[in-house]
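In: give me coordinates for this.
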Amino acid sequence: MAMPTNAKFKGKLRNKIFLFMALIGIVPLVAAAALTYYVVISSHRDDVAKVEAAVLTQTANQVQSFMMNDVLAHATVEIPYGGNIFATSSVPAQQYVLGQTLAAVPYLQSEAYVNLAGQETAAADRAHLAGVASSSLADVSTSPGFLAAKQGSNYLGPVTYSGAPLVPTIDFASPVTDERGQVIGAIVGTATLGDLQKIVASATIGNTGYVYLVDQNGAIMTGGGSLAGGGNFGNTVIGSAAAANLPIVQKVIGGTDATSAADQARYKNMFGVPVVAAGKAVPAGGQYWGLVAEWPTSEADAVINALLLRDAVMLLVVFGLVVLLSFVLALIIVRPIDMLEEGTERVAQGKFTEGVNITTGDELEELGDSFNDMVMGLKQLEQLKDEFVFIAAHELRTPVAAMKGYLQLILDGTTGQIPDATRTFIEKVIASNQRLIQLVNDLLEVARSQAGRLTIKVAPTDIAPTITSTLDELRSLAEEKGIAMSYDPQLPGGATLPRILADADRVKEVMVNLVGNAIKYMGGAGTITITHELGADGKGVPTLITHIADTGIGMSAEAQQKLFEKFYRVQTDKTKNITGTGLGLFIVKEMIEKMSGTIGVVSEEGKGSTFSFALKTADESDIK
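Out: Numbers count the residues shown, from 1 in each chain. Predicted structure coming up:
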C-alpha cells in the first residue's frame, strides 16, 4: 500500500495546536514567575541591607562613643583661670594625676603632659605609674599629635599593632585649655583598643552573621562571629590584611558607606564561606576605619531560598499541568481530523465497510456525517462495479473459451490444411486469447474475493509437497531461460517443517504466481531459492515463513509500496515488454490474508527480490 502523498505532514497540526496552547499558558506563567522572582529578590536584598545597616550604625556609634567618651575623655583637661598646671611646682601633681588615671583605666598604656614648647613636663606608663624620670622626658614638639592638640584639636593616630598576641594600639592627643578656651598645653598618650572587641563581638546578625572592624589600611583590628574559634576572629586574624583588598573594605576606609541594597557585596569571606556583606565608614581623627558586616548566605538567604524552591516546585507542577492540558486539548481538537484521515486511507484501500464516528457536536461532526454518506455512496458504487465485473467476466468466460477451442481445432488441421502464414496468425490469436482468458479468470477471482465468494478451506497441511509440485510444473519454463531453482524442504539446522493451517489448493496458486513472477522478471539467467524459517505473528502465535528469493531485476521502494494493489504493474524499461494483468499479486495477498497470514516483499533494483509469506502452524488440537 502506498503511503499518502501528504504523509510527511502528519501530526503537524496537532503539534501547532499543542505549541500554541502551551505558549498561551506558559508565556504568562513564566513572565509572572520572572516578575515575582525579581520582586522577591529585590525585597529580600532590601531587607538584608536594612538589617545589616541597622547593626552597622549601632556598632559604629558605640565605637565612636568609646573613642570620644573614653579614650579622649581621659586626655581632656580644663584649667581654671589663673592656674598654671605647667609650673615646676605642679609637676608632682601632674605625676599623681597621671598615675591615678593609668591605674584606673587599663587600656591606657602611657600618658604625658606637654607644655606649649612641646616638652613633656610629666609622664607615666605601665612600668612607671609614679612617673618616669625627668631625664626621660621627651621633646614631642614635632609629633603630629602635639601639633594637632596645640591647634586645639583632638588627635587619633594611625592604628599600630604590638605585643604577642598582637593588640591594636593608637596614639592620641588632646589640648589642655583654660577656662577661656585658650590652649595652654597638651596631653599625649598611647592606648590599646582591645576593649573594642567587646563592642564589635556583641554585634551579631541572625545566628551566624558578624561584624569586624578594620583600620585605616584595611587590617583587621577586631571582630566577632562564630566562623573563627572561640566565638571571635581569634588572635591569628588581628592585624591581618586578609580582607584589605575586598572592594567593600576599600570603599569604607575611603570614607563611603556601603549599606544600601545596591551597595551589597556577595563573595567568599576569608574563611571561604559565601557571605552577603555591607560596610560603614567610621571617622577616626582625619582618617577612616571601617566596619564590615558579613552574613553567611546559608542563613541570610535561607528563607528566600525555601520560598523560591517552593515557588519553583509549584511552577514546575503548573508548567507540567499546562503542557499536559495543552497536549490533551490538542488531541481532542485533532482527533476528529485523524479519524477522517484514517477513514480516507481505508477508502483509498478500497475498504468501504467502516465510516467514522465523530461526536464533537460541531462542524467536525457534520463533516464526519458527510464523509460517512460519501463512503456509503462509494460502497454502493463498488458493489455495483464488482457485480458488473463478475457478470461481465462470467459472461466472457464461455465465448473466449469457445474461441480458444475452435482456433485450436483449426490449428490442428480439423478443417483442412492451412498455410504457414495463416498458422502464424492463428498462433498469435491463440496467445492473445490465452491472455484474455487469464484476465477473465483473474477478474473472476477478484470479484469473488471482493464479494466474499472466494472459497478458502483451512486445514492442517504439509507445504513441502505443494512447493515441490509447483517447481516441477514450472521447471521446464525456468530451464528454457537458464534459471536454476532450488528448494530446501526443512528448517535451518535440518529440523522437520511443521504443518500449517492453510488451503493447499490456494497455497499452490500462491506459489505458482510468486515463482512464475520470479521467472518472468528474472531478466536473464539466474537463480530462485525457496527456504523456510519459524516466526510468530503480532499476537505471538507461531508461524512458518516461506521465502522466495530471486536474483532478478528487482524493484524500487516506491514500487514495493504499491505492488499488492489491483492492476498495479512495475513500469520500467526492463518490464515494458512483459505481459500481465496486474491482478496476480493482489489475488495472492487476498488469499494469504484470508488464511490469516501475511505477505511482504524486500527488493533492491538490480539485485533481485525476496517475497515472504507467513502462515500459522498447526498444533496437536488442529491436527486432531
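In: so which residues of the stretch 401-550 of the chain form strands?
Out: 459-461, 483-487, 500-502, 526-536, 542-550 (DSSP state E, counting those that start in this stretch).
In: so which of these is nearest G25?
Out: Judged by C-beta to C-beta, the one of those that comes nearest to G25 is strand 526-536, at 45.5 Å. Quick note: C-beta positions are derived from backbone N, CA and C, even for glycine.
In: now what about that closest one, what contacts it?
Out: Applying C-beta atoms under 8 Å, 6 or more residues apart in numbering, the contact partners of strand 526-536 are 463, 467, 471, 478, 482-492, 497-498, 515, 518-519, 522, 542-552, 608, 614, 617.
In: which among the residues you listed count as buried?
Out: 463, 467, 471, 478, 483, 485, 487, 497-498, 515, 518-519, 522, 543-546, 548-552, 608, 614, 617 (16 or more other C-beta atoms under 10 Å).
In: thinking again about what came up before, will you turn the strands of the stretch 401-550 of the chain into a markdown table that also has distance to A312 and mean pLDDT?
Out: Converted to a markdown table, these look like this (distance: least, C-beta to C-beta, whole Å; pLDDT from 0 to 100):
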| stretch | distance to A312 | mean pLDDT |
| --- | --- | --- |
| strand 459-461 | 66 | 91 |
| strand 483-487 | 69 | 93 |
| strand 500-502 | 61 | 92 |
| strand 526-536 | 49 | 92 |
| strand 542-550 | 54 | 93 |
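In: closest one to F271 among the ones you listed?
Out: strand 526-536 (68.9 Å).
In: between strand 483-487 and that closest one, find me the angle.
Out: 30 degrees (axes from the mean of the first three to the mean of the last three C-alpha atoms, to 10 degrees).
In: sheet-wise, list the partners of strand 526-536 with their directions.
Out: In the sheet, strand 526-536 lines up against strand 483-487 (parallel), strand 542-550 (antiparallel) (DSSP bridges).
In: stretch 122-142: how far from the chain's middle?
Out: Taking the mean of its C-alpha atoms, stretch 122-142 sits 78 Å from the chain's own mean (C-alpha atoms, centre = their mean, to the nearest Å).
In: give the rounded mean pLDDT of it.
Out: Stretch 122-142 comes out with an average pLDDT of 90.
In: now do stretch 202-218
Out: For stretch 202-218, mean pLDDT is 89.
In: how about it: buried residues?
Out: 203-205, 208-216, 218.
In: one step back: now distance to S136 too, for the strands paired with strand 526-536, in CSV please.
Out: Listed next are the strands paired with strand 526-536 as CSV, based on distance: least, C-beta to C-beta, whole Å:
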stretch, distance to S136
strand 483-487, 128
strand 542-550, 118
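In: quick one: closest of these to M67.
Out: Of all these, strand 542-550 comes closest under C-beta to C-beta, at 99.9 Å.
In: quick revisit: and of the strands of the stretch 401-550 of the chain, who's closest to E120?
Out: Here strand 526-536 is closest among these (C-beta to C-beta), at 113.7 Å.
In: as CSV, could you dump the C-alpha coordinates of that closest one?
Out: Coordinates of the C-alpha atoms in strand 526-536 are reproduced here as CSV (Å, rounded to 0.1, in the frame of the first residue of the first chain):
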residue,chain,number,x,y,z
GLY,A,526,19.7,-16.5,-12.5
THR,A,527,18.6,-18.5,-9.5
ILE,A,528,15.4,-18.9,-7.5
THR,A,529,15.8,-20.1,-3.9
ILE,A,530,13.0,-21.2,-1.6
THR,A,531,13.6,-21.5,2.1
HIS,A,532,11.6,-21.6,5.4
GLU,A,533,12.0,-20.3,8.9
LEU,A,534,9.9,-20.2,12.1
GLY,A,535,8.4,-17.0,13.2
ALA,A,536,5.4,-15.5,15.2
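In: give me the buried positions along that strand.
Out: 526-532.
In: next one: it to chain centre, how far?
Out: With C-alpha atoms, centre = their mean, you get 47 Å for strand 526-536.
In: and after the helix or strand bottoming out on mean pLDDT in the chain, which helix or strand comes next?
Out: For the chain, the helix or strand with the lowest mean confidence is strand 77-79, at a mean of 55 (criterion: mean pLDDT, DSSP states H and E). Going down the chain from strand 77-79, the next helix or strand is helix 91-104, by DSSP states H and E.
In: which residues touch that following helix?
Out: 74, 85, 108, 110-113, 121-126, 129-131.
In: with stretch 465-475 instead?
Out: Applying C-beta under 8 Å, 6+ apart, the set of residues contacting stretch 465-475 is 485, 487, 489, 504, 507-508, 511-512, 515-516, 519, 530, 546.
In: nearest to Q58, of the strands paired with strand 526-536?
Out: strand 542-550 (88.9 Å).
In: picking up where we left off before, now the strands of the stretch 401-550 of the chain as JSON lines including distance to V159?
Out: Output for the strands of the stretch 401-550 of the chain, formatted as JSON lines (distance: least, C-beta to C-beta, whole Å):
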{"stretch": "strand 459-461", "distance to V159": "109"}
{"stretch": "strand 483-487", "distance to V159": "106"}
{"stretch": "strand 500-502", "distance to V159": "104"}
{"stretch": "strand 526-536", "distance to V159": "91"}
{"stretch": "strand 542-550", "distance to V159": "96"}
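In: of these, which is nearest P144?
Out: Going by C-beta to C-beta, the one of the strands of the stretch 401-550 of the chain nearest P144 is strand 526-536, 102.8 Å.
In: picking up where we left off before, A138 is nearest to which of the strands of the stretch 401-550 of the chain?
Out: strand 526-536 (111.5 Å).
In: count of neighbours near S143?
Out: 19 (other C-beta atoms under 10 Å).
In: the strands of the stretch 401-550 of the chain: which one's closest to T222?
Out: strand 526-536 (84.6 Å).
In: beta partners of the nearest residue to S240 once chain neighbours are set aside?
Out: Nearest non-adjacent residue to S240, counting by C-beta to C-beta, 6 or more residues apart in numbering: I220, 5.3 Å away. Assessed by DSSP bridges, I220 has beta-bridge partners V214.
In: do a quick rundown of the strands in the stretch 1-150 of the chain.
Out: 77-79, 108-115, 120-125.
In: can you list the strands that the longest one pairs with?
Out: Each strand pairing with strand 108-115, determined using DSSP bridges, is listed with its direction: strand 120-125 (antiparallel), strand 183-192 (antiparallel).
In: give me the mean pLDDT for it.
Out: 91.
In: what angle do that strand and helix 91-104 make?
Out: Using the same axes, to 10 degrees, strand 108-115 lies at 160 degrees relative to helix 91-104.
In: and for the nearest residue to G482 once chain neighbours are set aside, the neighbour number?
Out: Spatial nearest neighbour of G482, chain neighbours left out: A525 (3.5 Å); criterion: C-beta to C-beta, 6+ apart. Neighbours of A525 under the rule other C-beta under 10 Å: 10.
In: what's the distance between A525 and V512?
Out: Separation of A525 from V512 (C-beta to C-beta, to the nearest Å) stands at 21 Å.
In: report the mean confidence score over the top helix by length along the chain.
Out: The single longest helix within the chain, with elements called by DSSP state H, is helix 12-66. Average pLDDT, helix 12-66: 83.
In: give the other helices and strands that it contacts.
Out: Helices and strands touching helix 12-66, by 3 or more C-beta pairs under 8 Å, 6 or more residues apart in numbering; DSSP states H and E, are helix 196-201, strand 204-205, strand 209-214, strand 274-283, strand 288-296, helix 302-348.
In: outline the domain layout of this protein.
Out: By the assignment in automatic domain parsing, the chain contains the domains 46-307, 363-450, 459-623.
In: least confident of these, on average?
Out: Among the domains of the chain, domain 363-450 scores lowest, with a mean of 71.
In: before we move on, the earlier item: nearest to M68, of the strands of the stretch 401-550 of the chain?
Out: strand 526-536 (98.0 Å).
In: ok, residues contacting stretch 422-430?
Out: Residues from elsewhere that reach stretch 422-430 (C-beta under 8 Å, 6+ apart): 404, 407-408, 410-411, 418.
In: so which of those residues are in helices?
Out: When DSSP H defines the helices, the subset of those inside them is 404, 407-408, 410-411.
In: could you export these as JSON lines, including neighbour count and distance to Q349?
Out: JSON lines is the format used below for the ones in helices among the contacts of stretch 422-430 (neighbours: other C-beta atoms under 10 Å; distance: C-beta to C-beta, whole Å):
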{"residue": "K404", "neighbour count": "16", "distance to Q349": "35"}
{"residue": "L407", "neighbour count": "15", "distance to Q349": "40"}
{"residue": "Q408", "neighbour count": "13", "distance to Q349": "41"}
{"residue": "I410", "neighbour count": "17", "distance to Q349": "45"}
{"residue": "L411", "neighbour count": "16", "distance to Q349": "44"}
